[in-house]
Structures are given as structure tokens and as C-alpha cells.
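In: next one to model:
(2 chains)
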Amino acid sequence: MKVSLEWLRELVDIDQSAVELAETLTRGGIEVEDVEDLNKGFEKVVIGEILSLTKHPDADRLLVCAVSVGHEEVTIVTGAQNLLTGDRIPVALIGANLPNGLSIKKSKLRGVVSLGMLCSREELLLDDTVGLDRSSDGILILPSTAPIGESFGHYLGLDNSVLDLELYPNRPDCLAMVNVAREVASLTQKKPHLPKWADQSQVLSLPVATDLRIIIEDKDLCWRYAGLMVEDVHIEPSPEWMQRRLKAAGVRPINNIVDITNYVMMEMGQPLHAFDREKIKGNVHVRVAQPEEKIVTLDNVERTLNPHTLLIADDSQPLAVAGVMGGLDSEVTETTKSLMIESAHFSSVSVRRTSRRLGLRSEASNRFEKGIDVSGVVAALGRVCDLLQDLGAGRPVAFVDEVKHIPPRRQVALSTERTSTVLGIELAVSEIHQVLEDLNFEYQENDGLFQVQIPTYRSDIEIEEDLMEEVARLIGYDRIPTTLPQGDQTQGRRTPEQEFRRRMRKVLAQSGLDEVLTYTFTRAEADAQWGSAKHSIPLLNPLREELGVMRTSLIPGLLDVAARNVARRNTDVSIFEIGNTYWGDEQPLKKLPREELRVAAVAVGKSDRHWFNQSSSYDFYYLKGIMEAVAQEFGLKLEYRLAENQSLLHPGRSADIYLQNECIGFLGEIHPSLEKEWGLERAVLFELEMEPLFKKIRQTVRAHSIPRFPAIQRDLAVVVAAETSAEAVMSKIRKLGGNLLQHVEIFDVYTGKPIAEGHKSLAFTLRYQSLERTLTDEEVSLLNSRILEGIQQDFGAERRK
Amino acid sequence: MIYLKSEILRIKEEALRNLRELESPEALQELKVKILGKKGSLTAMLRQMGSLSPEERPIMGQVVNEVRSRLEQAWEERSAELEAMALQMRLATERIDITLPGTRISRGHIHPLTQVIEEIEDIFLGMGFQIAEGPEIESDYYNFEALNLPKEHPAREMQDSFYITEEILLRTQTSPVQVRTMEKLHPQLPVKIIAPGKVYRNDDDATHSPMFHQVEGLVVDQGIRMSDLKGILLNFSREMFGESREIRLRPSFFPFTEPSAEVDVSCMLCGGAGCRLCKGTGWIEILGSGMVHPKVLEMGGYNPQAVTGFAFGMGVERIAILKYGIEDMRLLFDNDLRFLQQF
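Out: Modelled structure (predicted):
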């Protein structure tokens, strides 16, 4: 809502500057988003008169003008060709900063000093409503009545500020100047000047129209419809003051009748529409459209309607889309002689739907959507009568008022005690009296309990809490002290699951992975590739097609992030995300889907580039190592089995991950055939479900004592076939080593000479130790050779020499 | 005896001379054995004392002991000298370029939004709040209706939603967790929770992301006052943005609170004097709040005549932007490592 201060001053006394008033309103709950100084750019622009025009001595295309700016005469050089001696024109003096950004400085044009600039419409960002027709060819030429020397902004009525109100949906009343004035009055303890037109008497004294009836067919969609019949209509431009106010409010002036309807709408919040009376055949019907019914609206577009559209129609055809836009046929034109001016209520839901569907949003539809004051419908027509008479635009002759429903005036109780308790302020009864006086609400009080009559324009006040807010905002939110809740003390702590997630994130970050956060909606094809197309949930109205489905896997998001970074030459990427995946079990969804928390990682490039050692590429073992760190952190035993799905991951470099025989995720290198699609070479990745991990985490640690007897360590290197699994050999070693084998670890894997083709060497360190005694060399050697024999037998291993 | 004595003194002189020339601890030890060892020359002298008269023996013994202790002392001194020399040598040869970078410990980074959420959580945990959660894919009922936003309520327009069906949508706010929590806990008192999480709105520009994060807060108990809301939020603001922060409340509107308040914190950059960050006002809007609307309490299963409550909701991105001075919100979801690795 754009509020012109010049206009507002007519309705309430204001002794604050525009900026101060904006602050008062904002602190009072009516947020002022912007204060626009209309005169900006017009400082140092004055009205001048051309005294003489002479050719520039050294330039054919330039003129040297002597210009009177009132108290002095200045010389200005111009290239314009549309000037005559005696023309009145806007003159930008030295120091002016014009609306188009131009700064005016003293200059010399081919030897002649120029002390300013004559301005065109373009330079002043003005439209063709200002100035004479000749202005379009160059300098803006003003009527000969323009006072020489006067500030140009003042001349145009632009020495004014406009407050742009950002209204919350609960305050549609402030879409009316009178209610903004009431608000200012309440917040600054003034009385608003609500003039005579605030009553309906002059409309009610008119005869009821007999030649036209209003027929409301659906009383839920239209509670009230009033029409004012006007004769002797005389169409002309509206007066300057009215045009100026409309422009300041952001409304384009059209003609006196349309301007009056818009003016009253801005002033009183009631949208109005003027019909050419002669175009209405028979009665006025407020009804929904027939299927496929058509109307050509004011913007000259034929619109096909549906049975949700509320129409104003006569006996034969639609006249207007109710509350949204008039029809071209019944439009007020220069030849219009008589009018019906509509002032009505239309259902906010209906207007919203229709304006959305037709893509037509206007000041009127906006007010209907937010709800208008049904009680004020006729008062608005009273104001119209006033203005018709003031402007000599027509003569009101009759009226109709069809009423289906007027919401009763509410009475709301307000207890001083409860208000004090809820706000936490000790309030005196007299303070509440003062607030209600300032609000200009009618009330009665008995022993601190108020019965408040809520004015019909304050539709937002329904319950006691709403009045408490009025009290709080009028005495000022700053009066609320700071206290702490008095009740039982509580202990705050994370649930074990919340703690688990947090620890997981820490372990992964400490292992060198960077956390990323990606959108949870993604491309359908990418999600189908890594997740489950069968379960993925599409959005009805995605932002873009590539954000069309809720993810069932975190991998596509991570691959996208990795690829984007690599493309930006962040070549080494190791990232993870912990986030939900979303699983629909039916299409369309009937109940809320499952949300499954997962953790996933992607790494590509090299790890740890450093000056003293070789960096190595991220590979399968890098992420496996991180997964082992996770397993160790939470006391989990993860198993790695050859991956079943071999289309996404490199078949020789991938594993399914099992936890107690349940597959909970996978780990591997991206399949070479997918590298191109994702723009990544040798990316490795994993994805795990979080919940099964959480369920199996070690709850407490059972400590083991440290062995008292010395350990004996032996190394064992064997050559086996290349495809032999190291884990299999290790578990055989463990089995054969029994209790005395405390620890076995692989410390080297080698292929190449002198190891025969198709073979590899595995080297283990075995640590023998007893909890009861010191072991002898002999028994350890015996055990060691038994182990060697065992693996020779099972794996065809040979001891490496 | 004269011979013996002069021989001892000769051994001493020679040993002391040799001692000065020796360069290694090993050679030093070798010489020591050669003189003082079982088969050493001085020991041999001692053995010859048997040939002396009982009167001469003590005199001679004293000479030998004196020489022995003199030599031992010399050895120790020389050995200390050598050790010191060796140490000097080692220090000189082991010099490194301390300006080369240290061994890189591979360390990842937690996303700034996660860090902010955890910090907010920790502050409220410290004030006795629990952390509640709710689904991101929500029903129209919890996201709107139970929050006093019936269908066709104009305030629904403030939030453009992503729909899945007519009745199921991506939650536009963390507020549905309010009602879910009350339903779960009632009639238990007090209710004291925060609910962090992802929320979604159909919007994408320099200042809006279609997915973003909020933290909701809810306290319900007997006698909860609006001044308690102010107290809790002042504590929070000071812990989050610094001890000297002040807050102010401004009237606002949310369908699920009444009275409602927008909360501003005094500018963390200029301290309230007015600067570019606070657009000259000295205040920065950080969250929305208010007293829980009676209808919402009712829908959560509580009697609004018996209990009151307050609720608040803040945008995590906004707090992160303020806290870290982030220029463009889109950086938070762009996941460029050069950005993420600063945190």
C-alpha cells in the first residue's frame, strides 16, 4: 500500500517527518518497507523562461539561451530544436542530480559557458501527461501558466513522500487511507479527521432504483451488492489534485469517473466499478459463469470462464468478472451518459481463485482477496456522491442495496489481570482505558474487565489475545520486561540417535571428508539410476524439471557437487552428506512417505598433496579406511561382500556392505561406463543407511587388561594366486593361530618380479602372546609353521623366499 | 719405591696427554680400560705394591688413589667435553627449514549451516530445551490447518509450497513440529523444545533458496509470559552474537501466535550505531515469535485457559550469513570446496 503523506495529512495531523512516521508505524506493527521522496532528483530544478535564443557562434547545431529563473538570468547552451522565445521550461541548475542519474556541472561548449541544462521528459523520467505536445521533440515545454522561478518538484506536486506499507494479511483495513489515518492517530494519540462522508445518509436519502433489480444467485459468494445510479454524466479528465494523489498511490489516472472510483477505493478500501448504465439490459445478476462462457475484459482479451468464476451479468450477457476486471462492453467511455457504480462484497476465496487463474491482479482484486468491510459498502457510495458533486461529473439519482449477510459486530472481553499475566507487564486498568481510547474503540469496563465493541473495519480482532496485542503494541513492546520461565527446571540433552548423527558427522570430517548440503529434490533419471524409480516421489509443481523428484539416494547430489568442483578446478574432492531419502510406497501418496536417513561419500582426485611425499589417488581403500574408522568409532563389525549390482560400480572394485547379515549399503569405484555421463574419472563412493547402524552401535566399552607377559612377533610372507582374498587367508591364519595368536596384520601386498605372473605376495605380521605365561621360541615356531602348512594346503600358498 | 712412584706419575701424565687428543667416547673408554681396567697399567702398578715395605705401602696407596681419582676426574671432564662436542655437531647437522609446511593432517570441514544449527542447539540445550523432529514431507493438516491456517487463509500466500498431492506437501516451516510435539507430550508440562530442520518454498533467487533451514522453538507451561519469550531470546542472542547484544520486539503477524513479534538484535557489526549491514537502523531482524495462539494450543491437546506458551522460528541461513558475513546466500548450497573449507 502506497501512502502519500500529502493525502494522509488531510485525514490526520502529522507532526513527524516522513522517516519518523515510518519508524512509528513500523514499531507499531505496520511495517513501512520504504519511504520514497518524490522530489528526489528535482532538487535544483526550477521553472525558467526563455528570454532569447541565439545561434552559437562556433556551432551550427547549438543554441545559446538566455533564461530567466526568477531572481536571476542564466546562459545555457542547448542542442534542442523545439524551443521558442517565451517558452517556460524546467531548468536544471548547477549541482542538480537528475532522476536519470545525470549530474549538472558548469561547462563550456565550444567556448560558451553554460550554467545549467534545459531538461527533456526523458531526463526527468516523466511521461507525456506533463507538458505541451511540442515537448516530445526535445525540451519539456510547460504551459505558460507555470510560475517562473518555482521549484519544479513543487510545481508538479512532487514535494511529497510516499510510505510503502508492507501489510501482513491480518491488516487489510490498512489498504484504505482512512484506516491508515486511524492507525497513525492511535499511535500518535491524535484524532483522525473523518469527514461527513463517513456516513451513509446521503445515499440512503436517494430513492431506490425501480428500473433495475440486483439478483444475487449465490449468497455465499456475494454478501452484499449496492449500486448507485448516476445521470448527466460528463466525462473529462479529473482535476490535478486527484490525479496527483492517484499517481502517488501508484494508480494511473484515466477519466473523472474511473478516477473517482479508484480514489474512493484507495481512500476507503472499498473497490468500486462503474458500468455504462445504458449497456445493462434488464436486471443485474451476481452469478457463477456457465461452462465455456466468454467475456472480453477491459484489456481487450477474450477470456473463457468456468463455473468457479463469479460474474456480474445482465439478463443476457456477462458484464464483468466480479472483483477482478470489468468487461469491455459496459466500459465507461467518452460518450457515456449514465452510470451504475457498483459497491459490493465478493468472496475472497472466489476472487483469489479467479484472479490467479486469469492472471489478473489489481488493486481491487487484492482488496477483495484480503476481505473488505461489508458494513462500509454504502458509505463508499456516499463518498462517490460527494466527489461526483465536487467535480461536476454527474448526478446521483437512485440506489439499490441487496444485502444477504452482514457479519455481526463483535464484542470481545479483555481482562486487565490476564493481559498483565500473559504479557508479563504490570498494567493498570487506566492504561487499558487509554489504549482503547487511542484506538477509538467503544467499550465498557467493570472491575478491570473490559467489554470491547470491535469496529467492523478491524476484522482481525476476534479473541482476547488479539486485543492483548493491541494493548502491547500501543503501550509499546519495549515495555515488556525480560524474565525467564518460572516452572520446573528441565535438563536439555540430545537423544542417543541425535548424538549418533552428530558423532558420525564428526568422524567423517575428522577423516578428511568435507560435509556438503545438497537439495533433496533431484533429476528423475539420476535418482532412478542410483536409487529407486519405483519409490521416488514426484513434486506437482517443481521449481525446475531437474528438481522434479524427492531423492531416494544421496549419490546423484554428491556426484553433481564433485563434478561441479572438478569443473572449477577444485580437482581433489572428498565429500560426504548425511540426509534424508524419501520413499513412497504408492502412487499417488495417500499417507506420509518414509524418510530414511543415509550417509554417503564421494571422493575423486588425489589425497594429501605435500612437498615431501607422493600423493596418492583416492581409491576404494581410501573410503574403505574411512568406513573402518566409522566401524571402530561405533564398535560395529562391517562385512564387505562382492557387490551384487555391477552396473553402477566397477565389478572388480566394489562391495556390498553388510552388518549382521543385512545389506546396508555399498562401496566402490564408479563404473567406467558411467564416467563420461558424470564427468568424473575414477570416483569412489559409498552410501549407507543410518538407522541399522544406529541400532547396532556398541553401548558401552568393556575394558580388557593389558597382558603381563611378553609377546613374540613373527613375519610371514606367502605367494598366492592373484585372485585369492586376503581376508580369507587372514581368517585361516586366525583360526589356526588360536588363542595364542593375539593379532595378525597384513603389512605388504606385492605383485611383479620376482613373483610369478598371476600371483601376489602377501606379508603378515603375527603377534603371539599368552595371558598366563611367557611363550617359548619353540612353541611359537611350531605354531607358525603349522599356520604356514595350513595356508599352503588351503590356498596353494608358497612361503616367499 | 721411587721407581714405582715415578712410573705411576708417568702413567698419569701420559694418560692426561692422550686424553686430550681422543675424539670419541669409544676411544676414551678404551684408554680408561687400558689404564684403570683389571689389566690396566695403573692396576698393574697397584699389584706391584706387594713388593713395598709396610711403611711405604700407605704412602704409595695414597699416591695411587690420588692419581686414580685425578684420572677419573679428567676422564669425566673429557667425556663431558666430547659429549658436548658431539651434541653441537648433531645440532649443527640436523638443522631443518622450519618454514616448510608441516605434515598435512587430512581434516574435513563441517558445513557452516550444520555448525550454526549445532551452535543454536547447544545454546538451547543449555537452557533446558529438548530437540524435537518431524517429517519434511508433511500433511496439509500439520503444516497449515493445525497452525490456524485453514484452507484459503490469505496468510497461506506468504508461503508458496511444493505440493506432492493436494494434501501432502514439503513442509514450508518447522512449525508443524509444534503441534506434533504437543500431541505427543500432552498433558505433560512443561513442553520445552526446539526443532531444527529443512523446509521448502517455491522460490529461487539471490535471497531465497527453494530448500533452507529453520529452527523452531516452543515452550508451553502454566504461566508462560511474553516477557519469558523476551528473556529466552535475549539469552540466545547474546550467546549467538555476543554479550553486548540487545534485542527489541516489534509487533508482527503469524497465524499461529497472538500477540506476535518480530525480533531484532542490535547490529553485530556496528553495535547499533548504524552501518551497511543494518541499513543504518542499528537493528537486524533475526526471527519471528509470539505467544502460542489458543487455537494451536487446543489443537495440540492443551487447554488455553490453563496453560500459555510461546513459540519462535528463525532462519538458519540468515543467522549463518550474519555470523560469517556471507555475501551471497547461494554459496551455502553451491558446495564449492573453496567456500566450504573456510569453516
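
In: pLDDT below threshold where in chain A?
Out: A:195-199, A:609-610, A:612-613 (pLDDT under 70).

In: neighbouring contacts of stretch B:246-255?
Out: A:26-29, A:31, A:168-171, A:469, A:472-473, A:477-478, A:480, B:147-149, B:153, B:155, B:230, B:233-234, B:237, B:259-266, B:272, B:283, B:288-290, B:293 (Cβ atoms under 8 Å, 6 or more residues apart in numbering or on different chains). (C-beta placed from N, C-alpha, C; glycine too.)

In: tell me the contacts of the spatially most central residue of chain A?
Out: Centrality entry for chain A: nearest residue to the mean C-alpha point is A:Leu543, 12.7 Å, by Cα atoms, centre = their mean. A:Leu543 sits next to B:162, B:202, B:204, B:210 when contact means Cβ under 8 Å, 6+ apart.

In: these, buried ones only, as a PyMOL selection?
Out: What follows is the PyMOL syntax selecting those of the contacts of A:Leu543 that are buried according to 16 or more other Cβ atoms under 10 Å in any protein chain shown:
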select buried, chain B and resi 162+202+210
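
In: export the contacts of A:Leu543 to a markdown table and tack on distance to chain A?
Out: Formatted as a markdown table, the contacts of A:Leu543 follow (distance: Cβ to the nearest Cβ, whole Å):
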| residue | distance to chain A |
| --- | --- |
| B:Phe162 | 5 |
| B:Asn202 | 6 |
| B:Asp204 | 6 |
| B:Pro210 | 5 |
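
In: before we move on, back to that, secondary structure element for the residue nearest to the centre of chain A?
Out: Of the helices and strands defined by DSSP states H and E, none includes A:Leu543.

In: quick check: it vs B:Glu23, distance?
Out: As judged by Cβ to Cβ, to the nearest Å, A:Leu543 and B:Glu23 stand 82 Å apart.

In: equivalent analysis for B:Ala306, please.
Out: B:Ala306 is 95 Å from B:Glu23, by Cβ to Cβ.

In: same deal with B:Pro255?
Out: 93 Å.

In: host element of A:Leu8?
Out: helix A:5-11.

In: tell me which residues in that helix are buried?
Out: Under 16+ other Cβ under 10 Å, the buried positions of helix A:5-11 are A:5-8, A:11.

In: immediately after that helix, which helix or strand?
Out: helix A:18-27.

In: show me the contacts for the closest residue to chain B within the stretch 201-350 of chain A.
Out: Residue nearest to chain B within the stretch 201-350 of chain A: A:Val349 (4.4 Å; Cβ to the nearest Cβ). Counting by Cβ under 8 Å, 6+ apart, A:Val349 touches B:Glu152.

In: from B:Gly102, how far off is it?
Out: On the measure of Cβ to Cβ, A:Val349 and B:Gly102 end up 67 Å apart.

In: how close does A:Arg244 get to A:Ala380?
Out: In terms of Cβ to Cβ, A:Arg244 sits 22 Å off from A:Ala380.

In: just B:Arg68 next, same as before
Out: Distance from B:Arg68 to A:Ala380, by Cβ to Cβ: 127 Å.

In: can you give me the domain assignment for the chain?
Out: By default, I'm working from chain A. A:2-38+A:160-194, A:45-155, A:197-403, A:416-479, A:496-695, A:712-799 (automatic domain parsing).

In: sorry, should have said chain B
Out: Split by automatic domain parsing, chain B gives B:2-93, B:112-340.

In: now the end-to-end length of the longest one.
Out: Terminal residues of domain B:112-340 lie 7 Å apart, using Cα to Cα, to the nearest Å.

In: again, but for the first one
Out: One end of domain B:2-93 to the other measures 51 Å (Cα to Cα).

In: secondary structure of A:Ser574: a strand, I assume?
Out: Yes - applying DSSP: H, G, I helix; E, B strand; the rest coil, one finds A:Ser574 inside a strand.

In: touching, it and A:Asp608? I think so.
Out: No - A:Ser574 is not in contact with A:Asp608 according to Cβ atoms under 8 Å; the separation is 10.3 Å.

In: those helices in the stretch 251-400 of chain A, which residues are they?
Out: A:256-268, A:348-358, A:363-370, A:377-391 (DSSP state H, counting those that start in this stretch).

In: distance to A:Lys337 added to the ones you listed, as TSV?
Out: Output for the helices of the stretch 251-400 of chain A, formatted as TSV (distance: least, Cβ to Cβ, whole Å):
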stretch	distance to A:Lys337
helix A:256-268	11
helix A:348-358	30
helix A:363-370	24
helix A:377-391	14
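
In: among these, which is the most enclosed?
Out: Among the helices of the stretch 251-400 of chain A, ranked by average contacts under mean count of other Cβ atoms under 10 Å in any protein chain shown, first place goes to helix A:256-268 (a mean of 25).

In: what's the spacing between that one and its chain's center?
Out: 32 Å (Cα atoms, centre = their mean, to the nearest Å).

In: now the angle from that helix to helix A:363-370?
Out: Here helix A:256-268 runs at 40 degrees with respect to helix A:363-370, directions being taken by axes from the mean of the first three to the mean of the last three Cα atoms, to 10 degrees.

In: got the angle between helix A:256-268 and helix A:377-391?
Out: Using the same axes, to 10 degrees: helix A:256-268 against helix A:377-391 is 130 degrees.

In: pull out the buried members of the contacts of stretch B:246-255.
Out: A:26-29, A:31, A:168-171, A:469, A:472-473, A:477, A:480, B:147-149, B:153, B:155, B:230, B:233-234, B:237, B:259-266, B:272, B:283, B:288-290, B:293.

In: restricted to strands, list these.
Out: Those of these mapping onto strands are A:31, B:259-266, B:283, B:288-290, per DSSP state E.

In: and the two most separated of these?
Out: B:Pro259 and B:Ser266 (22.1 Å; Cβ to Cβ).

In: list the contacts for A:Ile14?
Out: Contacts of A:Ile14 (Cβ under 8 Å, 6+ apart): A:5, A:8, A:21, A:184, A:188.

In: to clarify, my last question referred to A:Asn570.
Out: B:336-338.

In: for chain B, what's its nearest residue on the stretch 501-650 of chain A.
Out: Taking Cβ to the nearest Cβ, the stretch 501-650 of chain A has A:Gly512 as its residue nearest chain B, at 3.4 Å.

In: ramachandran coordinates for the closest residue to that residue other than its chain neighbours?
Out: Distances taken as Cβ to Cβ, 6 or more residues apart in numbering or on different chains place B:Ser106 nearest to A:Gly512, at 3.4 Å, with adjacent residues excluded. Main-chain torsions, B:Ser106, degrees, to the nearest 10: phi -70, psi 120.
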